[in-house]
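> no sequence on hand, only this structure:
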Ligand SMILES: Nc1ncnc2c1ncn2[C@@H]1O[C@H](COP(=O)(O)OP(=O)(O)OP(=O)(O)O)[C@@H](O)[C@H]1O
Ligand SMILES: [Mg+2]
């Protein structure tokens, strides 16, 4: 059994002695005494030798070993230190009495870390380990420009991991990789998804968009298909490497305004904990602009290009191209460019295009293999309405639902319109009555429009996607 005695020692050899079993209590007390004395009288290196020798004399030879994980490895951050710190945050037990609390301005929650000197016991399979946070202050002398010397104290942080020597292999090959893996997952769980705009004014804000797959009204089968696709994508690092494909996935979202295309992007980002980079095409004037902006994007992110059909800009630019030395941008140029850049430095990238008019898109974008999934976001369905009613009003069923669902199948109404009606009152009856009224008005208007439309020939009518999701 490990004991959490609070010996003041900070050296690895000494901390090994803290993990005695109950039968070695006496030996520990003796060593404590010796340690106190040596602390006062003897330099540190000598202390370790004396204590090791004494440990051997009284029948205890150190069976423990300690790994020291410093915060910095030279000038670079030690990944294992960061990982250990994150991992230990989840292992804080009631026996830990001092915690460090902090909060970054952009974060919503406090962050608690183990304070220096605190120990944490953890077990993995049959191995028990003890972690300890170590913090030492050293004085560093520096000279200012006038040649005066001053000293400043520098804090060095590290964590020490102690365990029985016989578990060394297991700790190195299984436990520490487990710590790394867990810390990555923890980082993801706590990650604040960011929205970056890539355009004239480059900026970053927290994506406070509450949209998730749960709150999104869309065809349940399509929703599940998309979630499975995303899951498969993030799990397939090795697969993409093996077949030599760039690890990226493209989605084209199309449908009328207010059907949830932007909400779906937010839901995807919240689901994967990927940042969003919103590329404003109108602000890109050359390949070099594009290159500069794309280089600012990071891995594990979603690059979004909204309203791609409105980039008639592309065509205009091609037609009236004042020659910029072949530097002008076209859609297929943009796509090839993104592919090229990502194949050299991109991992886990998602690209999403949105449009209200799929039929107006450049064929380069619709070519098979270009976008992996075409997702139709369309008018609200009865099942979509139920999701919205549950979100906005907290009701799963109501006597008015039958009427509403019937009306929804008769008129084209977007989830955005329904959401707006449902938000008008917190009183469920009033909100639903309002919605019924709204749908009736829409139905009458549609009837009138259809009557008048008889004179309009088929060719003249604008093609519109009427599919429902
Ligand atoms: N499918 C949906 N599920 C839940 N809420 C939705 C859905 N569609 C729209 N909404 C609501 O309507 C608002 C506007 O929707 P959103 O911006 O996602 O539509 P859009 O398809 O991107 O429209 P546009 O084509 O104009 O960009 C959202 O903030 C959300 O509140
Ligand atoms: Mg949108």
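Sure thing, it's come through. Predicted model only: the values in this text are computed from it and were never measured. Ligands and ions are numbered 1, 2, ... in the order given.

> what is whatever residue of the stretch 51-200 of the chain ends up closest to ligand 1 paired to in the beta sheet?
Residue of the stretch 51-200 of the chain nearest ligand 1, by CB to the nearest ligand atom: residue 195 (13.5 Å). Heads up, the C-betas are built off the backbone N, CA and C, glycines and all. Beta bridges link residue 195 to residue 205, residue 276, judged by DSSP bridges.

> what pLDDT does it get?
pLDDT recorded at residue 195 is 82.

> count of neighbours near it?
For residue 195, the count of nearby residues is 20 (other CB atoms under 10 Å).

> what of residue 409?
Residue 409 has 11 nearby residues by other CB under 10 Å.

> ok, now which ones touch it?
Residue 409 sits next to 381-382 when contact means CB atoms under 8 Å, 6 or more residues apart in numbering.

> which stretch of helix or strand covers it?
Element membership for residue 409 (DSSP states H and E) is helix 401-410.

> tell me the residues of this protein that contact ligand 2?
Neighbours of ligand 2 within the chain, by CB under 5 Å from the ion: 261-262.

> so the residue in the chain that ligand 2 sits nearest to: helix, strand or coil?
Residue nearest to ligand 2 within the chain: residue 262 (3.2 Å; CB to the ion). Under DSSP: H, G, I helix; E, B strand; the rest coil, the three-state class of residue 262 is helix.

> tell me which residues in stretch 149-169 are buried?
For stretch 149-169, the neighbour count (16 or more other CB atoms under 10 Å) marks 158-164, 167 as buried.

> per-domain residue ranges of this protein.
1-62, 68-186, 194-376, 382-453 (automatic domain parsing).

> quick one: the longest one to chain centroid distance?
In terms of CA atoms, centre = their mean, to the nearest Å, the gap separating the centre of domain 194-376 from the centre of its chain is 17 Å.

> straight-line length of it, end to end?
Criterion CA to CA, to the nearest Å; first-to-last residue distance in domain 194-376 is 26 Å.

> over to the second one?
One end of domain 68-186 sits 23 Å from the other (CA to CA).

> what's the mean pLDDT across that domain?
86.

> for the helix or strand that residue 429 is a member of, list every residue counted as buried.
Using DSSP H and E, residue 429 maps to helix 428-453. Buried residues in helix 428-453, counted by 16+ other CB under 10 Å: 428, 431-432, 434-435, 438-439, 442.

> now do stretch 146-163: everything it contacts.
Applying CB under 8 Å, 6+ apart, the set of residues contacting stretch 146-163 from outside is 12, 15-16, 18-19, 64-72, 81, 84-85, 88, 116, 127-144, 171.

> burial count for whichever residue of the chain sits closest to ligand 1?
Of all residues in the chain, residue 260 sits closest to ligand 1, at 2.6 Å by CB to the nearest ligand atom. Residue 260 has 25 neighbours, counted by other CB under 10 Å.

> and for residue 419?
Burial of residue 419 is recorded as 17 neighbouring residues (other CB under 10 Å).

> enumerate every residue touching it.
Residue 419 makes contacts with 388, 392, as judged by CB under 8 Å, 6+ apart.

> doesn't residue 139 lie inside a strand?
Yes - under three-state DSSP, residue 139 sits within a strand.

> excluding chain neighbours, what is closest to it?
Counting by CB to CB, 6 or more residues apart in numbering, residue 139 lies nearest to residue 151, which is 4.7 Å off, once chain neighbours are set aside.

> ok, what's across the strand from the one you found?
With DSSP bridges applied, residue 151 shows beta-bridge pairing to residue 141.

> for residue 123, same thing?
Judged by DSSP bridges, the bridge partners of residue 123 are residue 128.

> from what I can see it touches residue 129, true?
Yes - Residue 123 is within contact range of residue 129, at 7.2 Å (criterion: CB atoms under 8 Å).

> who has more neighbours out of those two?
Using other CB under 10 Å as the criterion, residue 123 and residue 129 rank with residue 129 on top: 21 against 11.

> contact partners for that one?
Residues in contact with residue 129 (CB under 8 Å, 6+ apart) are 121-123, 161-163, 167, 171, 175.

> gap between it and residue 173?
Noted for residue 129: a distance of 14 Å to residue 173, by CB to CB, to the nearest Å.

> with residue 250 instead?
38 Å.

> settle it for me: which of the two has more neighbours?
Taking other CB under 10 Å, residue 250 and residue 173 do not tie; residue 250 has more neighbours (20 against 9).
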